[in-house]
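> kindly generate the corresponding structure for this input.
(3 chains)
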Amino acid sequence: MPLFSVLVSAVGALLIVCTGDRRANLREFWSVAAGVVLLAFVGSMVPEVLAGGAPQCVLFRILPGIELAFRVDAFGLLFALGASALWIVTSFYSIGYMRSLKEHAQTRYFACFALALSATVGVAFSANLFTLFLFYEALTLVTYPLVSHKETAEAKAGGRKYIIYLLGAAKVLLLAAIILTYNVAGTLEFRDGGILPADQIQAHPTLLFLIFTLFLFGLAKNAVMPLHSWLPAAMVAPTPVSALLHAVAVVKTGVFSTVRIFLFIFGPFAMHNISMCRISADQLALVVASVTILVGSLLALSQDNLKARLAFSTVSQLSYIILGAALLNPDGVMGGIAHITNHAVSKITLFLCAGSIYVSTHKTEISQLSGLGRRMPWTMAAFALASLSVIGIPPTSGFISKWYLALGTIEADHWILLGVLLISSLLNAAYLFPIIYKAYFEEGVQTQEEVREVPWMVAPLTITAAASLLLGLYPNLVLEFAGKVMP
Amino acid sequence: MNFLEKQLEDPVRFGRLKRCFYGGLIAIVLAEIILPFIFHGHPHFWFERIPAFGSLYGLASCVAIIVVSKFLGKKWLMRREDYYDS
Amino acid sequence: MTHQWIHPGLLLILGAWALPLLKGWGKRFAMLLLPALALVICLRMTPGTYGEVSFHELDLVFGRVDKLSLVFSYVFSIMAFLGMVYALHLKDDAHHVTALTYAGAALGVTFAGDLLSLYVFWELMAISSALLVWQRREKSAVAAGFRYLLVHIFGGLLLLAGTVLHYSQTGSLAFDNMESFAGSAGWVLILIAFLLNAAVPPLGAWLPDAYPEATVTGAVFMTAFTTKSAVYALIRGFPGTDLLIWLGAAMAVYGVVYAVLENDARRLLAYHIISQVGYMVCGVGIGTELALNGATAHAFSHIIYKALLFMGAGAVLQMTGLRKLSDMGGLYKTMPITLSLYMIGAFAISAVPLFSGFVSKSMVVSAAGYDERALIFLTLTLASAGTFLHTGLKLPYYMFFGKNSDVPGREPPANMLVAMGLAAIACLLIGVMGFWPELLYRCLPHPKEYVPYTVQHVSNTLGILGFTALGFFLLLKQLDPERKISLDTDWFYRRGSLAFVALIVRPLARLEFGFVGEIYAFVMRRLVLGGASILREFDTRVVDFTAVGVGRLTQASSRILKTTVSGNAQHYGLIMMAGVLVLLALVMLIR
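Next comes the predicted model:
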């Protein structure tokens, strides 16, 4: 079953390519159908995982401990559920976007999109580092054409930066880390509590710390500073790409992998005990995450381009997840993992709104958005609601993850991190509310042209905005999954 | 309204108003001094026993507030109207 | 007895969002019906605990009903009703929706039995009141609203931090007297959050900053809910905290001092809110039954008379467009009803006998007396004089009397006058009922006897007021309003935020795009692309050369091969046979 989930969207991609531009509606149908089938497959595994099971599937083995294998546990399933559900929503949105702007190369776009989902689900269901690495790299390659889609000089430069950062970090840092881990542990499998033997931890704390550092920065998709610049550069992509991939799939793959490695390769014991110069691994992660949170929010304040502001906001919010995982206590980990889903739903709404604004008005800068609240009511209302979730105001979903993260910081006696979380919330309010009040309470320039919202685009973003509210009122499903990772 | 206008604009009537005001003040002071001997109140503090304490303190407070506030304003707090608009 | 308990706050909030669906007189009726219904619900409520919800291991209580929360709920509902009457003429739906949401959130805070539901409604109040400020849509209002919202979100975050810390340490979210946790980090943070909403200096600069910028009708709502729900929270959670006595007394004087310097009418009234809330905070701090009763009673009467005062000033603003005292004057001729109703409010705030302030403010001052706090007693009395000075004398003098302004006034629309009239009646009614103290003070949380109308008290008050008036007329020239603004503690974050952006945000941006970006550009351009161009050179010279060479070779061989094609079938057959023989030979050899 895990294998089928991975293959579904790959098959979908194939069908899309075969259908091509001639029968656009059929091609779009394959996208949506693949999404629905994927969600069904993933959803079918929910009861089993909630009951404590873990469906597995080993494909082939290269060396002992290095095999292409899938294993579905609560963590991976939560991630896959979110990604597949949001893919369906984004497919409809993409249809509206691509057709309104009469974009070129739509077949390539939809096919790559489907393949990207395949890779994402592959990462989610990986049973070991080798499988994870394969699909991780595949994701980078497959999303490159999506980032450079517009094929302007700017798009090509952005795409180049994107792939250099991600492939470079992966090849240089991540691969080395994986190889070294295999040497130390003898296996690459994900196990609860880590795979590093205790004697190795005692014997080589510095080496292990270095490996940890290689992992942390090698997984550049998690956008920790200073290897985060690919994210704002990737904003040259069309908005649905930014929305799904850079709010949900690509970046969440990065943090997912990071958390997976924190908890299932290193484990709490190792994280506390491997150190260099008296800084332990979890402390390093906490510091890096905190810096990213604060600097990301500050940089977001300085941007007038809407997508750039949202990109830096994403950089900052991703480190909430890393912070939660690095706290290594049940509340913190639960908050961080829940944030994967909660932030995905909220952030995707914000990006979808940005795209809707662009399609309807061709405006990209925040200073141009005056008075849009009246002309694009659905879009701006969804934007306002999702902003509340990113800031973390109850009863939205963002509040739930923030609450557990806050509890986690206190439990770990790291009060300064509580301060970091709260300052970041205040900064989030400072850079998101101006957009809202400009749209609703500032008079815009009176133009003759009529502004109309595109229904194909507005419906999906309304759904995701509603979801960010619903997940705040009924967080039980997400919290149940998240709670299983570190009970 | 004509009633108020008449009272304030007409100098004769206005003068009468002023005399009523001063008369009222004097009546209050007298009341404050005499009444405690008839109705025994329960003052909490020694200064409440000072005759006409209310009136004295009222005048002193008023003057003090105005003087101190104006002083603070001139020395420190007051700025041009467009101070924040830089 | 368990019967269905309807949360009046939720009724207001949900009803508010349904308002835009109605039209015309139906909408107007609904606007008045909603707060009236809320009031009826509150009046019929019996004390108890309702609305308990278990939210993922956390116990939330949405309906904690006891005497304290009931009395605040009455006055909040009455205020919502008065505000709606006042705003009846407005065609703008957004205003009505946000105002009722704000009132509903205040009711939510009042009935919240645990810190988390308190926090939820606290934030909702912050957002909806910020929306009320923004409704005015002028540039200064938009900026003031943004500052207001950020300050309140900051306060909310403090409350959240305090709640999380408290929950972490005690395992309970219950919101009750926090005396036993005094000094703990959670206690401190929650206290600061409450003080911020109560506009205690130095955290209170948001109040005079934002309230004058709100719409005429919006400001009336704003005066009531944020500060008074904070007072409620202080009475509930921090009674008897000594710090509050001093803060409260200082607040009372602070507001009065700033009001002397004020030129904007509504900003002057806003500073008076701070002053009056000071009495309440002081009462909470004293903590005796009389003091707490006084704080509660004073909150009750303050909401109503402050609303009346803002309604009056708002009416002047609406009908003349003037907001600065230096521009106004002579309006007693054209707006006498507004003037009279305003004066009732002014007498109420000044604690003139027969008005509501007299029966409530005196409780707090007496409590200070009973508690043997001479300095506090004197300070509060001084502030009383100051209150009368500004609200009862200076404001009406410059607004309605004084020199003649250029703008002729007119009486405001009927609904605004009706709202003011109702509030004025309430002020008088409460004041007169002071002759029957048992009846009047029935709703107050603590059963403590107090008689407001004693000869000593009345004559004392008349003395204070009369001679304050004398002082006013003597120093009239000194009080002439100047066209200036006064700096408050918001200077720190207004100037501070500019410095913050300049010193931190911009350099960071420069670092990010300049420095880090430059590194990437350097690596890319020089190293990578440079290397690539070298390789390309290699490609063109060597590889191409080789390719060209191979091409020439191929051409030569094909020319030779062409000669072998003769077109003779036998030749082909021969060559084919030869080829097969060679193959067989090869096979046999390899075997």
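> and the residue nearest to residue A:260 when sequence neighbours are not counted, how many neighbours?
Excluding the flanking residues, the one nearest residue A:260 by CB to CB, 6 or more residues apart in numbering or on different chains is residue A:190, at 6.3 Å. Yep, even glycine has a C-beta here, placed from its N, CA and C like the rest. Look at residue A:190: counted by other CB atoms under 10 Å in any protein chain shown, it has 23 neighbours.
> go on, the one 10 residues further on?
For residue A:200, the neighbour count with other CB under 10 Å is 18.
> my read is that it contacts residue A:186, right?
No. Applying CB atoms under 8 Å, one finds residue A:200 not in contact with residue A:186, separated by 9.7 Å.
> what helices or strands is the host helix or strand of residue A:201 leaning on?
Using DSSP states H and E, residue A:201 maps to helix A:198-203. In this structure, helix A:198-203 packs against helix A:267-273, with contacts taken as 3 or more CB pairs under 8 Å, 6 or more residues apart in numbering or on different chains; DSSP states H and E.
> residue of chain B nearest chain A, please.
residue B:85 (17.2 Å; CB to the nearest CB).
> wouldn't residue C:349 be in contact with residue C:310 here?
No. Counting by CB under 8 Å, residue C:349 does not reach residue C:310; the two are 11.3 Å apart.
> comparing the two, which residue is more hemmed in?
residue C:310 (33 against 30).
> quick one: average pLDDT of the one helix or strand the more buried one maps to?
Secondary structure from DSSP H and E places residue C:310 in helix C:289-320. For helix C:289-320, the mean pLDDT works out to 91.
> now the angle between helix C:289-320 and whichever helix or strand comes after it, please.
The C-terminal neighbour of helix C:289-320 among helices and strands, as given by DSSP H and E, is helix C:336-349. Here the directions of helix C:336-349 and helix C:289-320 differ by 160 degrees (axes from the mean of the first three to the mean of the last three CA atoms, to 10 degrees).
> near chain B at all, helix C:336-349?
Yes. Residues of helix C:336-349 are located near chain B by CB under 8 Å from any CB of the partner chain, namely residue C:336.
> tell me how far the helix or strand hosting residue C:82 lies from the chain's centre.
In the assignment (DSSP H and E), residue C:82 maps to helix C:67-86. Helix C:67-86 sits 18 Å away from the centroid of its parent chain (CA atoms, centre = their mean, to the nearest Å).
> export it to PDB, keeping only CA atoms.
Taking Å, rounded to 0.1, in the frame of the first residue of the first chain, the C-alpha atoms of helix C:67-86 are listed here in PDB:
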ATOM      1  CA  LYS C  67     -22.300  38.300  41.700                       C
ATOM      2  CA  LEU C  68     -19.200  39.900  40.400                       C
ATOM      3  CA  SER C  69     -19.500  38.600  36.900                       C
ATOM      4  CA  LEU C  70     -23.200  39.300  36.900                       C
ATOM      5  CA  VAL C  71     -22.900  43.000  37.800                       C
ATOM      6  CA  PHE C  72     -20.300  43.600  35.100                       C
ATOM      7  CA  SER C  73     -22.500  41.700  32.600                       C
ATOM      8  CA  TYR C  74     -25.400  43.900  33.400                       C
ATOM      9  CA  VAL C  75     -23.500  47.100  32.700                       C
ATOM     10  CA  PHE C  76     -21.800  45.700  29.600                       C
ATOM     11  CA  SER C  77     -25.200  44.700  28.100                       C
ATOM     12  CA  ILE C  78     -26.700  48.100  29.000                       C
ATOM     13  CA  MET C  79     -23.700  49.800  27.400                       C
ATOM     14  CA  ALA C  80     -24.000  47.700  24.300                       C
ATOM     15  CA  PHE C  81     -27.700  48.800  24.100                       C
ATOM     16  CA  LEU C  82     -26.900  52.500  24.600                       C
ATOM     17  CA  GLY C  83     -24.100  52.300  22.000                       C
ATOM     18  CA  MET C  84     -26.400  50.700  19.500                       C
ATOM     19  CA  VAL C  85     -29.000  53.400  20.000                       C
ATOM     20  CA  TYR C  86     -26.400  56.000  19.500                       C
END
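> spatially nearest residue to the residue nearest the centre of chain C (excluding sequence neighbours)?
What sits nearest the mean C-alpha location of chain C, by CA atoms, centre = their mean, is residue C:126, with 3.3 Å. Spatially, and ignoring its direct neighbours in sequence, residue C:126 is nearest to residue C:152 (3.6 Å; CB to CB, 6+ apart).
> what does residue C:253 give?
In space, and not counting its chain neighbours, residue C:253 is closest to residue C:383: 5.4 Å by CB to CB, 6+ apart.
> picking up where we left off before, isn't the residue nearest to residue C:126 up against residue C:199?
No. Contact criterion CB under 8 Å: residue C:152 and residue C:199 do not qualify, at 11.0 Å.
> and for the two, which residues touch both?
Jointly contacting residue C:152 and residue C:199 under the rule CB atoms under 8 Å, 6 or more residues apart in numbering or on different chains are C:206, C:226.
> which stretches of chain B form strands?
All strands of chain B, identified by DSSP state E, fall at B:78-79.
> neighbours of the nearest residue to residue A:180 once chain neighbours are set aside, how many?
In space, residue A:180 comes closest to residue A:211 once its chain neighbours are excluded; the distance is 5.0 Å by CB to CB, 6+ apart. As a burial measure, residue A:211 scores 26 neighbours (other CB under 10 Å).
> residue A:211: which element?
helix A:205-218.
> interface residues of the stretch 451-591 of chain C facing chain B?
C:454-457, C:459-472, C:475, C:478-479, C:482-487, C:494.
> those in helices, which ones?
Secondary structure from DSSP state H places C:455-457, C:459-472, C:494 of these in helices.
> so which of the residues you listed reach chain A?
For chain A, no contacts are drawn from those by CB under 8 Å from any CB.
> of these, buried ones?
Buried by 16 or more other CB atoms under 10 Å in any protein chain shown: C:456-457, C:459-472, C:494, out of those.
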